[in-house]
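> Here is the input, now give the coordinates:
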Amino acid sequence: MIFLTKRKKEIPINASAKIRKDETGEYIGYFFALVDLTEIKEKEKELREKVEELETFNKLAVGRELKMIKLKEEIKELKNQLEKKKI
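Numbering: from 1, shown residues only. Have a look, this model is predicted:
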């Protein structure tokens, strides 16, 4: 849920409620809890940003590695061609 202050600031919250009973089972009241999730939401945002950074880095690293494999294959092929010319 979103809690809206008088100054129109939005605060993400978790709201829960529970009925209170006495020892005979009669309802005697309610328990309400509101938990501010602002810090959790901020950490989630930071984590998403880090995941995006890591995904970008991974794409770069994998792309570099694939290029290295391709270059190694080209070097091997060129060496084979040179050896054939020597014969």
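> where exactly do the strands run in this structure?
Ranges of strands within the chain are 2-4, 10-21, 27-36, based on DSSP state E.
> Just put those in JSON lines and tack on mean neighbour count and distance to Lys45.
In this view, the C-beta of every residue, glycine as well, is placed from N, C-alpha and C. What follows is the strands of the chain, written out as JSON lines (neighbours: other Cβ atoms under 10 Å; distance: least, Cβ to Cβ, whole Å):
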{"stretch": "strand 2-4", "mean neighbour count": "11", "distance to Lys45": "16"}
{"stretch": "strand 10-21", "mean neighbour count": "11", "distance to Lys45": "11"}
{"stretch": "strand 27-36", "mean neighbour count": "10", "distance to Lys45": "16"}
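> any weak-confidence spans in this structure?
87 (pLDDT under 70).
> Which segments of the chain make up each domain?
Residue ranges for the domains of the chain, per automatic domain parsing: 1-36, 43-87.
> hmm, back to that, same list, the strands of the chain, but as a markdown table with distance to Leu71 please.
Listed next are the strands of the chain as a markdown table, based on distance: least, Cβ to Cβ, whole Å:
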| stretch | distance to Leu71 |
| --- | --- |
| strand 2-4 | 54 |
| strand 10-21 | 50 |
| strand 27-36 | 54 |
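> out of these, nearest to Val62?
strand 10-21 (35.9 Å; Cβ to Cβ).
> Can you check what angle separates that closest one from strand 27-36?
Going by axes from the mean of the first three to the mean of the last three Cα atoms, to 10 degrees, strand 10-21 is angled at 160 degrees with respect to strand 27-36.
> for strand 10-21, packing partners?
strand 2-4, strand 27-36, helix 38-86 (3 or more Cβ pairs under 8 Å, 6 or more residues apart in numbering; DSSP states H and E).
> now these as TSV including distance to Asn14?
What follows is the helices and strands packed on strand 10-21, written out as TSV (distance: least, Cβ to Cβ, whole Å):
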stretch	distance to Asn14
strand 2-4	10
strand 27-36	4
helix 38-86	9
